[in-house]
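Visitor: Okay, here's the prediction I keep looking at, along with the sequence it came from:
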Amino acid sequence: MNKPIRVAVTGAAGQICYSLLPRIAAGEVFGTSTPVILQLLEIPLDKAQAALRGVGMELDDCAFPLLQDIIPSDKPEVAFRDANWVLLIGSKPRGPGQERADLLKDNGKIFIAQGRAIDAVAAEDARIAVVGNPCNTNCLIAAAQAKRLPRERFTAMVRLDQNRAVTQLARKAGVAVSAVERLIVYGNHSPTMFPDFANATISGTPVPQVITDKAWLNDTFIPTVGKRGAAIIEARGLSSAFSAANALIDHVRALLTPGPTLHSLAVHSDGSYGFTPGVWAGVPVRTTSPGTYEVVKGLVHNEFAKAKISATNAELVGERDAVRELLA
Ligand code: NAX
């Protein structure tokens, strides 16, 4: 057995966590030889804390052999203490009629406090993955507070968009999902994200040579992926939950598994692929050692792809500018 890993999770009584926590406790993320201590953060409202107690009871009732302890809290400094992984899932949803800029600022305050707490009390090797929306900019805000931990430790999730895109391409081509490789989602986790089909392959052949319907790729595929979250809300009356939990598991496992596979991860931009340095943008990465990645450079984009990347970058820059006063 390995040393236990401490995993801090925010929004722990929410719907994504309801799917995520049992999978972590079962060993699906950190392996079946690694005991887990779950450190669960919820807001200090009675209703949220009661729901969190219920989640704790259900985890108890699973009798997971790997689950060593559950530490529920309403204080980031408690929940993040010595955490090796911090999964920032909780955030404030947009209120009725609320402007996006105000939503950014409201969430900004949460992610400033959480970024500070992570920097103050998380483990030396802490890795942070942000899911709570707007996740790219929330990640930027939290990372801006970290003075001790390098900003490369902070990543935001665009993996759900990657998974959605892979399935759409597989369906269109009539192949298994596993035949689709190297599909990278660039930019923001929002309808402006760009799923780069031209560099993706189906059974080793570039997608445009397998799916020759250019209009479908440009005008149906891209918006279908971009608006998938809204389509799920319309159908279910609730936002994506187990697919988001599953994508976060893929995100973390990708970071833990060194190898040549390309993954979509939103990371601190070094200017690659035309993203403005300093925003958190989805780019291709490869894991070099457990928890550490490098941005894969050199993928070639045509004018269409460059325009899409430029549009999603403009949105990220706009979000950063909307919260600039919080970043000092
Ligand atoms: P829920 O509303 O079911 O749960 C969120 C939970 O977070 C609530 O229990 C709430 O009390 C808690 N919370 C709010 N502020 C908190 C804080 N400061 N500290 C700790 N907990 C806090 O939402 P759920 O469906 O679980 O979604 C969570 C977040 O994921 C949302 O922001 C959502 O927009 C985002 N998503 C991101 C995705 C991505 O691909 N990056 C996809 C799925 C999802 O839409």
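Guide: That came through, no problem. Numbering: from 1, shown residues only.
Visitor: Check the burial of the closest residue in space to Asp74 that isn't next to it in sequence by counting its neighbours.
Guide: Leaving aside its sequence neighbours, Asp74 sits nearest to Pro44 (C-beta to C-beta, 6 or more residues apart in numbering; 3.8 Å). Placement of C-beta: from N, CA and C, glycine included. For Pro44, the count of nearby residues is 10 (other C-beta atoms under 10 Å).
Visitor: any idea what sits nearest the residue of the stretch 151-300 of the chain found nearest the ligand, other than its immediate chain neighbours?
Guide: Per C-beta to the nearest ligand atom, Ala244 is where the stretch 151-300 of the chain lies closest to the ligand, at 3.5 Å. Closest residue to Ala244 apart from its sequence neighbours, by C-beta to C-beta, 6+ apart: Ile16 at 4.9 Å.
Visitor: same thing with Gly274?
Guide: That would be Ile309: by C-beta to C-beta, 6+ apart, it lies 5.6 Å from Gly274.
Visitor: quick one, domains of this protein?
Guide: What automatic domain parsing lists as the domains of the chain is 5-156, 159-322.
Visitor: quick one on the thing from earlier: what strand or helix carries the residue nearest to Ala244?
Guide: helix 15-25 (DSSP states H and E).
Visitor: List the buried residues for that helix?
Guide: 15-22, 24-25 (16 or more other C-beta atoms under 10 Å).
Visitor: next SSE after it?
Guide: Heading C-terminal from helix 15-25 (DSSP H and E), you reach strand 36-41.
Visitor: Can you check what angle separates that following strand from helix 15-25?
Guide: 160 degrees (axes from the mean of the first three to the mean of the last three C-alpha atoms, to 10 degrees).
Visitor: Direction included, what does strand 36-41 pair up with?
Guide: Each strand paired with strand 36-41, and its direction, by DSSP bridges: strand 5-10 (parallel), strand 67-73 (parallel).
Visitor: Tell me which of the ones you listed sits nearest to the ligand.
Guide: Closest among these, using C-beta to the nearest ligand atom: strand 5-10, at 4.0 Å.
Visitor: Quick one: name the residues of the stretch 1-150 of the chain near the ligand.
Guide: Within the stretch 1-150 of the chain, the positions adjacent to the ligand are 10-11, 13-16, 41-43, 48, 89-93, 110, 131-133, 135 by C-beta under 6 Å from any ligand atom.
Visitor: that older thread, if we take the buried residues of helix 15-25, which one ends up nearest to Leu255?
Guide: Set against Leu255, the nearest of the buried residues of helix 15-25 by C-beta to C-beta is Ile24 (14.4 Å).
Visitor: how close does the closest one get to the ligand?
Guide: When distance is defined by C-beta to the nearest ligand atom, to the nearest Å, Ile24 is 15 Å away from the ligand.
Visitor: residues in contact with that residue?
Guide: 7, 9, 30, 36, 38, 249 (C-beta atoms under 8 Å, 6 or more residues apart in numbering).
Visitor: what about the strand or helix carrying Leu160 and the ligand, touching?
Guide: Following DSSP H and E, one finds Leu160 within helix 159-173. Yes: for helix 159-173, a contact with the ligand is found by C-beta under 6 Å from any ligand atom, at Leu160.
Visitor: name the helices or strands packed onto the next helix or strand along the chain from that helix?
Guide: With elements assigned by DSSP H and E, the helix or strand that comes after helix 159-173 is strand 180-181. Applying 3 or more C-beta pairs under 8 Å, 6 or more residues apart in numbering; DSSP states H and E, one finds that strand 180-181 contacts helix 159-173, strand 201-202.
Visitor: With mean neighbour count and mean pLDDT as added columns, please give these in a markdown table.
Guide: Formatted as a markdown table, those follow (neighbours: other C-beta atoms under 10 Å; pLDDT from 0 to 100):
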| stretch | mean neighbour count | mean pLDDT |
| --- | --- | --- |
| helix 159-173 | 22 | 98 |
| strand 201-202 | 21 | 98 |
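Visitor: of all those, which lies closest to Ala126?
Guide: helix 159-173 (19.8 Å).
Visitor: which residues does the residue nearest to Gly274 contact?
Guide: Here Ile309 is in contact with 186-187, 194, 273-275, 301 (criterion: C-beta under 8 Å, 6+ apart).
Visitor: right, and the residue of the stretch 151-300 of the chain closest to the ligand touches Gly14 too?
Guide: No: with contacts counted by C-beta atoms under 8 Å, Ala244 stays clear of Gly14, the gap being 10.2 Å.
Visitor: Buried ones in the one helix or strand the residue nearest to Gly274 maps to, by neighbour count?
Guide: Per DSSP H and E, Ile309 falls inside helix 303-322. With burial defined by 16+ other C-beta under 10 Å, the residues of helix 303-322 counted as buried are 305, 308-309, 312-313, 315-316, 319-320, 322.
Visitor: Save those residues as TSV, and put in pLDDT and distance to Asn218 too.
Guide: Listed next are these as TSV, based on pLDDT from 0 to 100; distance: C-beta to C-beta, whole Å:
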residue	pLDDT	distance to Asn218
Ala305	98	10
Lys308	98	10
Ile309	98	14
Thr312	98	15
Asn313	98	19
Glu315	97	19
Leu316	98	22
Glu319	95	25
Arg320	96	28
Ala322	92	30
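Visitor: That concludes my questions; thank you for your assistance.
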